[in-house]
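Enquirer: Fold the stuff below for me.
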Amino acid sequence: MMRKFIHLSTNTLLLVVLVIFSSCDKNDNFTPFFSVEDDKALGAQVSQEIANDPSFDLIAQSDNPEAYTYINNMVNEILSSNEVAYRDEFAWEVTLVNDDNVLNAFATPGGYIYVYTGLIKYLETADALAGVLGHEIAHADLRHTSRNLQKQYGVSLLLSIALGQDPSALEQVAGQIAGTVAGLQFSRDFEAESDDESVLYLADTQYACNGAAFFFESLLSQNQTTPPEFLSTHPSPENRVADINATATEAGCDTALATDTGYDAFKALL
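Expert: Numbers count the residues shown, from 1 in each chain. Coordinates of the predicted model:
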């Protein structure tokens, strides 16, 4: 019996591997080349890079266990939503960053979430914080960073990481992400996706499902027409508020503020 051997060019092989990897994503959107396991490995590496970077004043859980109990409970409630595709796969580890002058929060691949004390103290309600957390969880869950990496680095480098052929590449990419992550910027489309998802996540919680809009409403009420640096590429606050509220109306979810949240006591811990 004669056996036939199929010889694939390098480009064809890359395409075949890309299709195999791309078929595994749970979200109904553009699928990144990175696998979910690659997301997790990259996120863990970025988290380690941040932990080793003295410019990040990280608050250890052992130094403020009550504050961590509060914010972890909030995150866990958001993650209970069936809309979170990778709620059981990603780490979903929250770290508080001690800097009262920074209004920021960000998430790395694999669900590592960082929240600055300045943002927490700026937000007036637990619903607003839940909205921001929902938004950041969505960035990780929708794998926005991985989708950006595919555009930035192309298939070849990501393939070498995915196949374990270049161990230094993972560390290199992680280091670059860690160096810019505090000012991480996404496209308007990615921001709109995360805003919409935050509404759906919060619809299953005690918090107002349009909580993400409250941050932008605070900016507007204080005449801060220019968002903080990490929002510099986002649509205007006015448009964000309108779009988030429209999504909440379409979803028919509760926009009433949560009661007895203990948010002021939480802020006092920081």
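
Enquirer: Specify the local secondary structure of the nearest residue to residue 211 once chain neighbours are set aside.
Expert: Nearest residue to residue 211, sequence neighbours excluded (C-beta to C-beta, 6 or more residues apart in numbering): residue 131, at 2.8 Å. Where C-beta positions appear, they are placed from N, C-alpha and C, glycine not excepted. Three-state call for residue 131 (DSSP: H, G, I helix; E, B strand; the rest coil): helix.

Enquirer: For the chain, just list every one of the helices.
Expert: Secondary structure of the chain by DSSP state H: the helices cover 10-22, 36-51, 65-79, 117-122, 126-141, 144-162, 167-180, 188-202, 211-221, 237-251, 263-268.

Enquirer: Just name the most buried of those.
Expert: When the helices of the chain are scored by mean count of other C-beta atoms under 10 Å, the highest mean neighbour count falls to helix 126-141 (a mean of 26).

Enquirer: just checking, what packs against that helix?
Expert: helix 65-79, strand 105-108, strand 112-116, helix 117-122, helix 188-202, helix 211-221, helix 263-268 (3 or more C-beta pairs under 8 Å, 6 or more residues apart in numbering; DSSP states H and E).

Enquirer: what's the angle from it to helix 237-251?
Expert: On the basis of axes from the mean of the first three to the mean of the last three C-alpha atoms, to 10 degrees, helix 126-141 is oriented at 90 degrees to helix 237-251.

Enquirer: Now do helix 126-141 and helix 188-202, the angle between them.
Expert: Helix 126-141 runs at 120 degrees relative to helix 188-202, counting by the same axes, to 10 degrees.

Enquirer: If I take helix 126-141 and helix 211-221, what angle do their directions form?
Expert: 120 degrees.

Enquirer: Which pLDDT value does the model give the residue nearest to residue 211?
Expert: Looking at residue 131, its pLDDT is 96.

Enquirer: Please shift the residue numbers so they start at 30 in all later answers.
Expert: Done: numbering now begins at 30, and the last item shifts to residue 160.

Enquirer: Report the separation between it and residue 86.
Expert: Note on residue 160: its distance to residue 86, by C-beta to C-beta, to the nearest Å, is 25 Å.

Enquirer: just residue 246 next, same as before
Expert: 29 Å.

Enquirer: now residue 221
Expert: 32 Å.

Enquirer: residues in contact with the residue nearest to residue 93 when sequence neighbours are not counted?
Expert: Spatially, and ignoring its direct neighbours in sequence, residue 93 is nearest to residue 298 (6.1 Å; C-beta to C-beta, 6+ apart). When contacts are counted by C-beta atoms under 8 Å, 6 or more residues apart in numbering, residue 298 touches 93, 95, 96, 99.

Enquirer: right, and the third one touches residue 124 too?
Expert: What it means is residue 96. No. Taking contacts as C-beta atoms under 8 Å, residue 96 lies outside contact range of residue 124: 11.3 Å.

Enquirer: got any ranges where the protein has weak pLDDT?
Expert: 30-63, 179-213, 252-264 (pLDDT under 70).

Enquirer: re the thing from before, same list, the helices and strands packed on helix 155-170, but as TSV with distance to residue 174 please.
Expert: As requested, the helices and strands packed on helix 155-170 are arranged in TSV below (distance: least, C-beta to C-beta, whole Å):
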stretch	distance to residue 174
helix 94-108	19
strand 134-137	7
strand 141-145	11
helix 146-151	20
helix 217-231	10
helix 240-250	19
helix 292-297	28
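
Enquirer: Ok, which of the ones you listed comes nearest residue 64?
Expert: strand 134-137 (16.2 Å; C-beta to C-beta).

Enquirer: Report all helices and strands that the closest one contacts.
Expert: With 3+ C-beta pairs under 8 Å, 6+ apart as the test, strand 134-137 has helix 65-80, strand 141-145, helix 155-170 packed against it.

Enquirer: right, so of these, which gets closest to residue 216?
Expert: Per C-beta to C-beta, nearest to residue 216 of the helices and strands packed on strand 134-137: helix 155-170, 11.4 Å.

Enquirer: Export that closest one to PDB, keeping only CA atoms.
Expert: Output of helix 155-170 as PDB, limited to C-alpha atoms (Å, rounded to 0.1, in the frame of the first residue of the first chain):
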ATOM      1  CA  ALA A 155     -19.800  50.600  45.700                       C
ATOM      2  CA  ASP A 156     -21.800  50.400  42.500                       C
ATOM      3  CA  ALA A 157     -19.300  52.600  40.800                       C
ATOM      4  CA  LEU A 158     -16.400  50.400  41.900                       C
ATOM      5  CA  ALA A 159     -18.300  47.300  40.800                       C
ATOM      6  CA  GLY A 160     -18.800  48.900  37.400                       C
ATOM      7  CA  VAL A 161     -15.100  49.600  37.000                       C
ATOM      8  CA  LEU A 162     -14.200  46.100  38.200                       C
ATOM      9  CA  GLY A 163     -16.700  44.600  35.800                       C
ATOM     10  CA  HIS A 164     -15.100  46.700  33.000                       C
ATOM     11  CA  GLU A 165     -11.600  45.400  33.800                       C
ATOM     12  CA  ILE A 166     -12.800  41.800  34.200                       C
ATOM     13  CA  ALA A 167     -14.300  42.100  30.700                       C
ATOM     14  CA  HIS A 168     -11.000  43.200  29.300                       C
ATOM     15  CA  ALA A 169      -9.400  40.000  30.600                       C
ATOM     16  CA  ASP A 170     -12.300  37.800  29.800                       C
END
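
Enquirer: Great, nothing more from me.
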